[in-house]
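[1] Here is a sequence together with a model predicted from it:
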Amino acid sequence: MRNTLLAQEIFCETVKLKSFYQGARSSHVSEEKAERLLDELEAALGLSLFEVRKKGQTTPAGLKFFRKWSPSISQLRLMSSQPEVSSGTLRFAFPFTTGAAVFAPLTSLFAERYPRVKFDIQLATGSALPVWYNTDLRVVHDVYNYEDVKEFFLADAVRILCAAPAWIKDHPVSRPKDLERYPVFGARDAVEHRSIRFTRGNKEEAVLFHPQVVCRNNLAALHCALTGKGAALSVPRFLAEPFLKSGELVRILPDWNVSSLSLRAIVPNQDLVNPIIEAWVKYVQEALSKQKENFQCQPR
C-alpha cells in the first residue's frame, strides 16, 4: 500500500511539474526507485500512464488517473506534517464576483493561521470549467452536478432589487408586476426568458422579463442600474450595500423577497478531507453568520 501511494505521488508530481526528474525529486526518491515504482504501478494497472514519461506527458488513461489521484495525493502531502507548520499549497477556485468580494478577502484573513501554507486562488466564470485539475476546493452557486463531490453549505446570499433614486421617481413600482413594463438588468440566469418569483408572506407573484441588455454578472447589473436606465434584479445585497449606504441606489419593494443565492464549497468525494480545508469552511461559515442582513446561514 505504501509503495502504491508513493508511486501515485511520483506520477502526480511528474505530471504536475512536467518532468520525471522533478517529480522524483519532489517525492524525495531517487530516479532509479521512481522508475521502478512507476513500472510496478503501470504493471498493476495493466496500462501505460505516460506517452513521454520524461516530460510528464500522459496517455488519455493517465490523465484520468491524474485527475482521480491528484486531490488525495495533495491532501496527503499536506497532512504529512502538522497543519500549523505545513508548507504545501492549497488551490481554491471561487466564482468571479463573490470570490473577489467575499471569499478571497476571507481567505486572506484565514491564511494568517497557516503562515507556511500557500493559498492559490483562481476566480472562475461559470461552472463548466474543469474542477479538480490542480484544485483542492471550489465554491459554487446553487447545485453542482458535474462530478461526484462532497459538499459543505456556506450560506445563502440575500438578493434584492434596487435602482437609482431618479429612476425610481420616474418609474413607480408598487408591486412586482409593475417591473414588467420597465428596463431591468440582472445576471443571465435571473432574467433571460425566465420568470422571477416574488414572495411576501403567503402572497406570491411571478414576473417574466425579456430585457434588452442581459448582464452575465451581478456587479455589472448594479453598475448598469447606476446609469439610471433601469433596475437591478436579484443582485446579492452584499454587493449592493456600498451603493445603498451612499444613496446612489435605493432598494425597491423591500417587503418582497426573491430567491437567495446558495453558496457551497465542494471537494472531491473521498474519505480524506484536508483539515485546513475543514477549518476554512468553519471559518467562512462563522464569518458569514455575522452578516445577518446579507447572508442566511441555516441550511434549507
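    Happy to help now that I have it.
[2] and stretch 51-66, how far apart are its ends?
    One end of stretch 51-66 sits 14 Å from the other (Cα to Cα, to the nearest Å).
[3] Go through it and flag the buried ones.
    53, 56, 58, 62, 65, 66 (16 or more other Cβ atoms under 10 Å). Yep, even glycine has a C-beta here, placed from its N, CA and C like the rest.
[4] Of these, which belong to helices?
    Members of those lying in helices (criterion: DSSP state H): 62, 65, 66.
[5] Those into CSV, with extra columns for distance to residue 287 and pLDDT?
    Below are these laid out as CSV (distance: Cβ to Cβ, whole Å; pLDDT from 0 to 100):
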residue, distance to residue 287, pLDDT
62, 40, 92
65, 37, 90
66, 34, 89
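[6] With distance to residue 107 as extra columns, can I get the residues you listed in CSV?
    Output for these, formatted as CSV (distance: Cβ to Cβ, whole Å):
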residue, distance to residue 107
62, 32
65, 30
66, 26
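[7] Which one of those residues is nearest to residue 296?
    residue 66 (38.4 Å; Cβ to Cβ).
[8] sec struct for the nearest residue to that closest one once chain neighbours are set aside, please.
    Closest residue in space to residue 66, ignoring its immediate chain neighbours: residue 15 at 4.9 Å, by Cβ to Cβ, 6 or more residues apart in numbering. What DSSP: H, G, I helix; E, B strand; the rest coil gives for residue 15 is helix.
[9] show me what contacts residue 15?
    23, 56, 58, 62, 66, 70 (Cβ atoms under 8 Å, 6 or more residues apart in numbering).
[10] let's see 6 Å
    Going by Cβ atoms under 6 Å, 6 or more residues apart in numbering, residue 15 touches 56, 58, 66.
[11] now do residue 69
    8, 12.
[12] got a pLDDT number for it?
    If you check residue 69, the pLDDT there is 83.
[13] Same question for residue 195.
    79.
[14] Surely it touches residue 208?
    Yes: judged on Cβ atoms under 6 Å, residue 195 makes contact with residue 208 at a distance of 4.4 Å.
[15] can you list the residues that contact stretch 219-232?
    So stretch 219-232 is in contact with 97, 161-164, 166-167, 183-186, 215, 235, 239-240, going by Cβ under 6 Å, 6+ apart.
[16] repeat for stretch 277-296
    If you take Cβ under 6 Å, 6+ apart as the criterion, stretch 277-296 is touched by 106, 110, 137, 152, 154-158, 237-238, 265, 297.
[17] quick check: mean pLDDT across stretch 93-106?
    Mean per-residue pLDDT for stretch 93-106: 93.
[18] Send me that stretch as PDB with only the CA atoms.
    Extracted in PDB, the C-alpha atoms of stretch 93-106 (Å, rounded to 0.1, in the frame of the first residue of the first chain):
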ATOM      1  CA  ALA A  93     -11.500  28.300  -7.200                       C
ATOM      2  CA  PHE A  94     -14.100  30.900  -6.500                       C
ATOM      3  CA  PRO A  95     -16.900  32.400  -8.600                       C
ATOM      4  CA  PHE A  96     -15.700  35.600 -10.100                       C
ATOM      5  CA  THR A  97     -17.600  38.300  -8.200                       C
ATOM      6  CA  THR A  98     -18.400  36.500  -4.900                       C
ATOM      7  CA  GLY A  99     -14.800  35.300  -4.900                       C
ATOM      8  CA  ALA A 100     -13.300  38.700  -5.300                       C
ATOM      9  CA  ALA A 101     -15.700  40.400  -2.900                       C
ATOM     10  CA  VAL A 102     -16.100  37.700  -0.200                       C
ATOM     11  CA  PHE A 103     -14.000  34.600  -0.400                       C
ATOM     12  CA  ALA A 104     -10.600  35.900  -1.400                       C
ATOM     13  CA  PRO A 105     -10.600  38.500   1.400                       C
ATOM     14  CA  LEU A 106     -11.800  35.900   4.000                       C
END
